[in-house]
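>>> give me the fold of what follows.
(one chain, ligands or ions: 2)
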Amino acid sequence: MVKTKTIFVCQSCGMQSSKWQGKCANCESWNSYVEEAFEPSPEKRAAHVFTDEPVLLTALSKEDEERASTDILELDRVLGGGLVKGSVTLLGGDPGIGKSTLSLQMAFSLAKKGSKVLYISGEESIQQTKLRSKRLQEQDGKNIYIVNQVDLTVILSYLNKMKLDFVVIDSIQVLFNPDLTSTPGSVSQVRECSATLTNIAKSKGISLLIIGHVTKDGMLAGPRVMEHIVDTVLYFEGERYSTYRILRSVKNRFGSTNEIGVFEMTAGGLIEVNNPSVIFLSERAQNSSGSVVVPIIEGTRPILVEIQGLVSRASFGMVRQKAQGFDGNRLALLVAVLEKRLGLNLYDKDIFLNVVGGVKIMDPAADLAVTIAIASALLDKPVSFETVVLGEVGLSAEVRSVSQIQTRINEAEKLGFKKCIIPRNNLKSKVELTSKNMEIIPVETVKEAKDILERP
Ligand code: TYD
Ligand code: MG
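Ligands and ions are numbered 1, 2, ... in the order given. Here you go, the predicted structure:
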């Protein structure tokens, strides 16, 4: 009898091991190893050539990259100006965030312009998809085919015979290749299915949209393992109790990354939000002292957050310093800098700091914003509403340069801010900062930054 070889695979990063491990040595996630039957690496089998003969680079015309507009502006922008023919896009996000809705809307848009579309729904029945399209009030579905199918070999046969332009896979976690013994959703299945689909999409010029689920702790067989297979990775995210959704590109072979598109989930599907700054900082009070906005980088993503400071007289000689979403020790240090270097009277004050929206800031670039928030609260002088503040603060109250300044400025600019306080040292780098509508104010010390903010 042939003994089946098994192997343990980390379900979050795809790392393989002959023994079970409590903690993955590669991605450090806990309890993520699952026993699977050993399969030869799919990458080797998937090594398929798209074009047969080498061609001269100059012989290729620019029109080879054909883009189709989806007529959803926010989506087009995130894709880098439209959907590229033959490209493979991964759309990730938590369950219930609106991935199926967005994909169906995209399918309708493309079908209206004459593309032949196949929506492969493995999670929902055809009737459910029909109901969804009714909610979206889409009447014209003459180019859209829907099928409820999870078997990869059958799906491949559709792709081979139907002459399709655009295919949606909803979702990759339910697909399975019958040649593999592991269960749908496991790393081997996800990797194998996405590699095979990518191959056929490339060779037939079909644009492919693959939906994948991610959970907060990344335990589910991850879209992470397919990020290197696909061309574009989009993440759909949003607060659980908010109707607003953000679509973000974290990888894009045909456009810039970190583009965001903002949508609102309504009873009739997702609608575009053209002015996101209004929402992000919608509850920000005008002209209130102690409020400062800073563009921080979270992983690879720039996010604008509001920092609020409050300073009040301490009672009973016991001073309190409390920080929410910010390191308490760092706060104490910054308060000491304000006190010693700028001569502000903070020794007998209670100081509270809050980062709005439950964000936890690790980024040192938020130092200056924290310092200014406290100074502004103490002096009761508000910071101009359209200003963002950037910079790391050193012990002699000098403002140190920050990383990825252009990304941060772009994000602030996109969200409608007009002024940006930056460390002067950032101007020394060889790369010129570019910004169309943003006034850049370089500062060297915290004192300088504070003086600029006090201008009426
Ligand atoms: P869905 O696209 O099914 O999420 P996913 O595919 O990411 O799991 O969207 C789920 C939620 O969206 C669900 O709670 C219902 C809501 N929704 C609306 O509010 N309006 C609509 O028009 C539609 C289609 C869905
Ligand atoms: Mg869905």
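>>> SS state for the residue in the stretch 101-250 of the chain that ligand 1 sits nearest to?
Using C-beta to the nearest ligand atom, the single residue of the stretch 101-250 of the chain nearest to ligand 1 is residue 101, 3.5 Å away. Just so you know, the C-beta spots here come from the backbone N, C-alpha and C atoms, and that holds for glycine as well. Recorded secondary structure, residue 101: helix (DSSP: H, G, I helix; E, B strand; the rest coil).
>>> burial check on it, number of neighbours?
By other C-beta atoms under 10 Å, the residues close to residue 101 number 19.
>>> now do the contacts for it.
132, 136, 265, 269, 270 (C-beta atoms under 8 Å, 6 or more residues apart in numbering).
>>> okay, and which of these map to strands?
Those of the contacts of residue 101 mapping onto strands are 265, 269, 270, per DSSP state E.
>>> out of these, which comes closest to residue 289?
Nearest to residue 289, judged by C-beta to C-beta, of the ones in strands among the contacts of residue 101 is residue 265 at 34.9 Å.
>>> that closest one and residue 304, how far apart?
Distance, residue 265 to residue 304, by C-beta to C-beta, to the nearest Å: 21 Å.
>>> those two: who's more crowded?
More crowded of residue 265 and residue 304, by other C-beta under 10 Å: residue 304, with 22 against 17.
>>> ok, the more buried one touching residue 294?
Yes - in this structure, residue 304 is within contact of residue 294 by C-beta atoms under 8 Å, at 7.3 Å.
>>> tell me where the stretch 151-300 of the chain has strands.
Under the criterion DSSP state E, counting those that start in this stretch, the stretch 151-300 of the chain contains strands at 166-170, 207-213, 232-237, 244-252, 260-266, 269-272, 291-298.
>>> show me what contacts the nearest residue to residue 313 once chain neighbours are set aside?
Excluding its sequence neighbours, the residue lying closest to residue 313 (C-beta to C-beta, 6 or more residues apart in numbering) is residue 349, at 6.2 Å. Residue 349 makes contact with 311, 312, 313, 314, 319, 378, according to C-beta under 8 Å, 6+ apart.
>>> could you flag which of those are buried?
Buried subset of the contacts of residue 349 (neighbour count, 16 or more other C-beta atoms under 10 Å): 311, 378.
>>> number of nearby residues for the closest residue to residue 346 other than its chain neighbours?
Leaving aside its chain neighbours, residue 346 sits nearest to residue 339 (4.9 Å; criterion: C-beta to C-beta, 6+ apart). Residues near residue 339, counting by other C-beta under 10 Å, number 14.
>>> and residue 285, by the same measure?
Residue 285: 12 neighbours (other C-beta under 10 Å).
>>> and the one 10 residues further on, by the same measure?
A count of nearby residues for residue 295, using other C-beta under 10 Å, gives 29.
>>> isn't it right up against residue 408?
Yes - Residue 295 is within contact range of residue 408, at 3.8 Å (criterion: C-beta under 8 Å).
>>> hmm, residue 167 is touching residue 117, no?
Yes - using C-beta under 8 Å, residue 167 is in contact with residue 117, at 7.3 Å.
>>> quick one: average confidence on the top helix by length along the chain?
Longest helix in the chain, counting residues (DSSP state H): helix 187-204. Helix 187-204 shows a mean pLDDT of 89 in the predicted model.
>>> output the contacting helices and strands for that helix.
For helix 187-204, the contact count by 3 or more C-beta pairs under 8 Å, 6 or more residues apart in numbering; DSSP states H and E identifies strand 6-10, helix 42-46, strand 88-93, helix 152-161, strand 207-213 as packing neighbours.
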